[in-house]
Each structure stands twice: as C-alpha cells, then as structure tokens.
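Asks: no sequence for this one, just the structure:
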C-alpha cells in the first residue's frame, strides 16, 4: 500500500471517529445543520464557477442541469453517477452513487444528505432566484438512489 493511501485511510478513520463523537456531544440535528451550511456555501460558489466556465448569461433548467452534472456531480460521483432532467420548470435530480457511502461511511443518520440537499437547492436558488427542493428518496433510507425535484416556479 502506498504511503499516500495509508495517510488517507488514517485521516478517514479519524474523521469517522470525530463525527461519532460530535454526534454524541452535539446531537444529530446540529451535525445535519453544519453539513447543510457547508452545502449551501458550496452551492453558491459552484454557480458562479459554472457561469464563467460555460459562459452562461441566462440560466435555463436545461443548461443548469447539464452544467451541474458535468462540472459538479460527475467529477465526484463518476460517469453516470448523476442524472438531471429538465421537466418544464422543474429539474429531476437522480444520484445513483453516494460518495460518502462509497467511502465506507455510515450514511443512515443522514448527516451527509443535508450537505447534498444544501448544495443542490442553493445552487438552484443562486441560478434562478427562487427554488425549492423536494426530497423523493434517499440511499440513506435504503433506496437504490437519491432522488429530488427542484421546483423553479
């Protein structure tokens, strides 16, 4: 095993233990709030980055979906890990892979789900001004994928 992988495994084990202890001390709602806020911060930043990178002056459900998949989701989840489909004024988000689950982390407490929800909803709000995220399914609830609908109207 390379030295880098050993270091990453050590960091990962410390992170997992830290999350467990923070949950014991602060409780699950606080942990979910922290991850939601991190997701929101990133959601704001990715829209500005995508706007410049793809030279988008006016967001549509279609170009938003394409940019979010290509620039944000697939680099983390891998090809086919995310599907976004524009459906009128809505965008259906299907995440086939959970990067936290792939990293062998416990997702049942839904801490990391709030990160993903914050990122997606805030990105949509930043791009369109108004957006509401509706949760359909979560892998953390034993479903085969995470699915959301972003309502843009």
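Replies: Received it, and whenever you're ready, just let me know what you need. A quick note: this is a predicted structure, and the numbers were derived from the prediction, not measured. Residues are numbered from 1 along each chain as shown.

Asks: Contacts for the least confident helix or strand in the chain by mean pLDDT next, please.
Replies: Across the helices and strands of the chain, mean confidence by mean pLDDT, DSSP states H and E is lowest for helix 3-26: a mean of 89. The contact list for helix 3-26 (Cβ atoms under 8 Å, 6 or more residues apart in numbering) reads 30, 31, 103, 104, 105, 106, 109, 111. Quick note: C-beta positions are derived from backbone N, CA and C, even for glycine.

Asks: Going by neighbour count, list what's buried in the helix or strand just after that helix.
Replies: Remark: after helix 3-26, the chain's next helix or strand is helix 28-53, criterion DSSP states H and E. Residues of helix 28-53 classed as buried: 31, 32, 35, 36, 39, 40, 42, 43, 46, 47, 50, 51 (neighbour count, 16 or more other Cβ atoms under 10 Å).

Asks: so who does the fifth one touch?
Replies: Contact analysis of residue 39 by Cβ under 8 Å, 6+ apart lists 114, 115, 116, 117, 118, 119, 120, 122.

Asks: Switch the residues you listed over to a markdown table; also include secondary structure and distance to residue 139.
Replies: Output for the contacts of residue 39, formatted as a markdown table (DSSP: H, G, I helix; E, B strand; the rest coil; distance: Cβ to Cβ, whole Å):
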| residue | secondary structure | distance to residue 139 |
| --- | --- | --- |
| 114 | helix | 14 |
| 115 | helix | 13 |
| 116 | helix | 10 |
| 117 | helix | 13 |
| 118 | helix | 17 |
| 119 | helix | 16 |
| 120 | helix | 15 |
| 122 | helix | 21 |
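
Asks: quick one: contacts for the residue most central in space within the chain?
Replies: Central residue of the chain (Cα atoms, centre = their mean): residue 116, 2.5 Å from the mean position. Residue 116 makes contact with 39, 95, 146, according to Cβ under 8 Å, 6+ apart.
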